[in-house]
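S.K.: model this:
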Amino acid sequence: MKQTDIERVIKYGSVKEKIKLNFIDVAYFNTTGIETAETNGDATLITKDSILTDKERAIIFSSVKDPKDIKYWEQLRTFNKAFLMFKPYITYYAKNFDYLTAQITKCTMARLLHKSYNETINDILEVVEEKKLRETLVKKALESLGEFSAIKYQEKGFLPFIIIPDAHTDGTIWKRIEDLNDQIKDAKRYINTINAFLKKLLPLTPYKQFVKKEEDNIKANVEQCRVNIDHYILDRNINTTVEDWERFTILRWEDVEVEVTDEDIEDIKRAGV
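M.R.: Residues are numbered from 1 along each chain as shown. Sure thing, here's the model as predicted:
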């Protein structure tokens, strides 16, 4: 918020505008201010932890005398308290997406590593045409790749190769995708409800920016997971059923529809009473 805008409200604004400015300052401290206080280094030098001075807050507080203004102050105080009770859950959801993205990335890297091992070893085996030596090398490869559940593969009339089955990681990644899709639906409903509450009852820009930042982080994680899965399923070395393909589907954040009711907003509102 520009200093000129703050000065204008302090000097010439209505009492209601001054009250809202006070709570914008509170919201700023509860988001950017707290983050700044927890940050070491140059960030603490260039970012303020509040937008009002103690003197400006005192001027605003002294102007709140009329019953209707006192009522408005108390309403915003109650709504602010309610938001702060739900704020940690937004961060909790965001961190869950960080975790699930890391796990899906780990599975993808494992599968790509398996694929690299598989291709490299088979490239070596392909140039070994002496049957006994080929069998010896396959046996040694299977022993070395035991932790990857590698198996011998041999078609009739041909020398053997090795295969690292995708099933070694499929079960894990399917579970992660299932958890991710559940989180997408839950988080979007939660965030949309919070946004509706802010729009209707507590229209403070710092809180809106905080929620948007966390939502953008979640959306970026979802898209990263979708990219990872595209890499994961590329050039699979076994047949995949239609049912299995469906289990690799990650929901698009934008495509998930959620309904926010007045009762949902009231539930948040009542938490601050």
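S.K.: Show the pLDDT at Ile46.
M.R.: Looking at Ile46, its pLDDT stands at 47.
S.K.: try the one 5 residues further on
M.R.: pLDDT for Ile51: 86.
S.K.: Tell me if it really is in a helix.
M.R.: No. The assignment for Ile51 (DSSP: H, G, I helix; E, B strand; the rest coil) gives coil, which keeps it out of a helix.
S.K.: residues contacting it?
M.R.: Each residue near Ile51 by CB atoms under 8 Å, 6 or more residues apart in numbering is listed here: 1, 6, 24-25, 28. No exception for glycine: its C-beta is placed from N, CA and C like everyone else's.
S.K.: who wins for neighbours among those residues?
M.R.: Highest neighbour count within these: Tyr28, with 24 neighbours (other CB atoms under 10 Å).
S.K.: pretty sure that one is touching Gln209, no?
M.R.: No. Here Tyr28 lies out of contact with Gln209, judged by CB atoms under 8 Å, at a distance of 9.4 Å.
S.K.: just to revisit the earlier point, let me know the closest of the contacts of Ile51 to Phe197.
M.R.: Using CB to CB, Ile24 is the member of the contacts of Ile51 that lies nearest Phe197, at 16.5 Å.
S.K.: how much space between that closest one and Ile51?
M.R.: Shown here: Ile24 relative to Ile51, a distance of 7 Å by CB to CB, to the nearest Å.
S.K.: residues shared between the contacts of these two?
M.R.: With CB under 8 Å, 6+ apart, Ile24 and Ile51 have common neighbours Met1.
S.K.: Check the contacts of Ile51 and tell me the two furthest apart.
M.R.: Ile6 and Tyr28 (11.3 Å).
S.K.: which regions of the stretch 151-273 of the chain sit below the pLDDT cut-off?
M.R.: 167-168, 236-239 (pLDDT under 70).
S.K.: ranges for the helices of it?
M.R.: 167-201, 205-232, 242-246, 262-271 (DSSP state H, counting those that start in this stretch).
S.K.: For the longest one, which helices and strands make contact with it?
M.R.: Helix 167-201 is packed against helix 67-126, helix 205-232, helix 262-271, with contacts defined by 3 or more CB pairs under 8 Å, 6 or more residues apart in numbering; DSSP states H and E.
S.K.: What residues sit buried inside it?
M.R.: Using 16 or more other CB atoms under 10 Å as the test for burial, helix 167-201 gives 168-170, 173, 176-177, 180-181, 183-184, 187-198, 201.
S.K.: same check, this time on the second one
M.R.: Of the residues in helix 205-232, 206-208, 210-211, 214-215, 217-219, 221-222, 225-226, 228-229, 232 count as buried by neighbour count, 16+ other CB under 10 Å.
S.K.: same deal with the third one?
M.R.: Going by neighbour count (16+ other CB under 10 Å), the buried part of helix 242-246 is Asp244.
S.K.: ok, and what's touching it?
M.R.: The contact list for helix 242-246, computed with CB under 8 Å, 6+ apart, reads 170, 233.
S.K.: now swap in the last one and tell me
M.R.: Residues external to helix 262-271 that are found in contact with it (CB under 8 Å, 6+ apart): 78-79, 81-83, 85-86, 193-194, 196-197, 200-201.
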